[in-house]
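J.: Compute the structure for the input listed below.
(one chain, ligands or ions: 1)
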Amino acid sequence: MSDTNEYIPPKVWTWNKASGGRFANINRPIAGPTHDKDLPVGRHPMQLYSLGTPNGQKVTIMLEELLALGHAGAEYDAWLIRINEGEQFSSGFVAANPNSKIPALVDRSGPEPVRVFESGAILMHLAETFGAFLPKSGPARAECLSWLFWQMGSAPYLGGGLGHFYAYAPTKIGYAIDRFAMETKRQLDVLDRRLAESAFLGGADYTIADIAVWPWYGGLVKGLLYGAGEFLSVHEYTNVVRWADQIGARPAVRRGRIVNRVMGDPAAQLRERHEASDFDTKTQDKLDAQAAAKAGGAG
Ligand SMILES: N[C@@H](CCC(=O)N[C@@H](CS)C(=O)NCC(=O)O)C(=O)O
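T.: Predicted coordinates:
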């Protein structure tokens, strides 16, 4: 039986701006800046340009973990990049990340600013700079890096595959959803088996591998991604759930995961972070209350 909606690819693909779906307005087949605008620079050594998505959360969690260990050099300004408004295509952002995706870090601790893009590279840069959350050598380092790069290669199937076709695509395509649900469940099983034999992904210690994987797969098993928890029977991955809860309870993770967030509970949104005290005074619920009090006072 032939599908009347079947897509027959043309000989040469051309850009159809009306392809629809969430994010259609920012997708384009070319790189480079769309407009001239410099990035802001704050006073701290680390300047982060990001958004509180799973990829962004990895870096803010890492920075908060480093600060919790007492590394003052990890003090940071976290500037908000609204990707749905195309801010990743400014000339300043493209200079920090030619791939126009959050997160992008500019390390200003040395004589010249150093740009670092790709969240895995940023985690490694910070881990090596501060000598933390990455074993220095041997099998433990190899295991940590293996799981770090596993995340980099695997999460696009979860986000760009399952998440896109299950939650965002303008039509539900059974073939695509089935394909990526199968792969996502296989990945969850990979993690579940590893976490049955080991406390953390790299071994006995918490490392950048956990920091990279947690926002994606920890979020998924806690039912926080794409409304797909029941669909994927995530409760079956009991070792991943145990690990996700353990990491989610860490104070630095509780701070890092709300930085640059613009959606959800206003109490869990710290849209920009410039000082440690911002967690107490500048979450969105507090800013809204201040604005309401001011408006009430003025009226
Ligand atoms: N492999 C990249 C992925 C980064 C990424 O996909 N970022 C998304 C948000 S989570 C983004 O900036 N999208 C904007 C766009 O595609 O224009 C990393 O790990 O840093």
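J.: Now for the most centrally placed residue in the chain: which residues touch it?
T.: In the chain, the residue lying closest to the centroid (CA atoms, centre = their mean) is residue 55, at 1.6 Å. By CB atoms under 8 Å, 6 or more residues apart in numbering, the contact set of residue 55 is 101, 102, 103, 119, 155, 215. (Glycine included, C-beta is placed from N, CA and C.)
J.: repeat for residue 29
T.: Here residue 29 is in contact with residue 15 (criterion: CB under 8 Å, 6+ apart).
J.: in the stretch 51-200 of the chain, which spans are strands?
T.: 76-80, 104-107, 114-117 (DSSP state E, counting those that start in this stretch).
J.: picking up where we left off before, and the contacts of residue 55, which of them are in helices?
T.: Those of the contacts of residue 55 mapping onto helices are 119, 155, per DSSP state H.
J.: Restrict the contacts of residue 55 to those that also contact the ligand, please.
T.: By CB under 6 Å from any ligand atom, the members of those lying near the ligand are 101, 102, 103, 119.
J.: Now for the first one, how many residues are close by?
T.: Looking back up the chat, that one is residue 101. Burial of residue 101 is recorded as 19 neighbouring residues (other CB atoms under 10 Å).
J.: and if you look at the last one?
T.: Look at residue 119: counted by other CB under 10 Å, it has 29 neighbours.
J.: and it, how far is that from residue 89?
T.: Using CB to CB, to the nearest Å, residue 119 is found at 19 Å from residue 89.
J.: can you check the first one too?
T.: Computed with CB to CB, the distance linking residue 101 and residue 89 is 10 Å.
J.: How about residue 185?
T.: 35 Å.
J.: what's the answer for residue 213, then?
T.: 29 Å.
J.: now swap in residue 172 and tell me
T.: From residue 172 to residue 89 the distance is 30 Å (CB to CB).
J.: Over to residue 128?
T.: In terms of CB to CB, residue 128 sits 30 Å off from residue 89.
J.: Which one's more surrounded, these two?
T.: residue 89 (18 against 13).
J.: Residues of the stretch 1-150 of the chain that sit close to the ligand?
T.: So far as CB under 6 Å from any ligand atom goes, the stretch 1-150 of the chain lies against the ligand at 26, 53, 55, 83, 88, 100, 101, 102, 103, 118, 119.
J.: How about the fourth one: what's its closest non-neighbour residue?
T.: Yep, that's residue 83 we're talking about. residue 51 (5.8 Å; CB to CB, 6 or more residues apart in numbering).
J.: ok, the one you found - contacts?
T.: For residue 51, counting by CB under 8 Å, 6+ apart, the contacting residues are 80, 81, 82, 83, 102, 103, 260, 261, 262.
J.: Isn't the fourth one up against residue 102?
T.: Yes. In this structure, residue 83 is within contact of residue 102 by CB atoms under 8 Å, at 6.3 Å.
J.: Comparing the two, which shows the higher neighbour count?
T.: residue 102 (24 against 18).
J.: That one and residue 31: what is the separation?
T.: Residue 102 is 15 Å from residue 31, by CB to CB.
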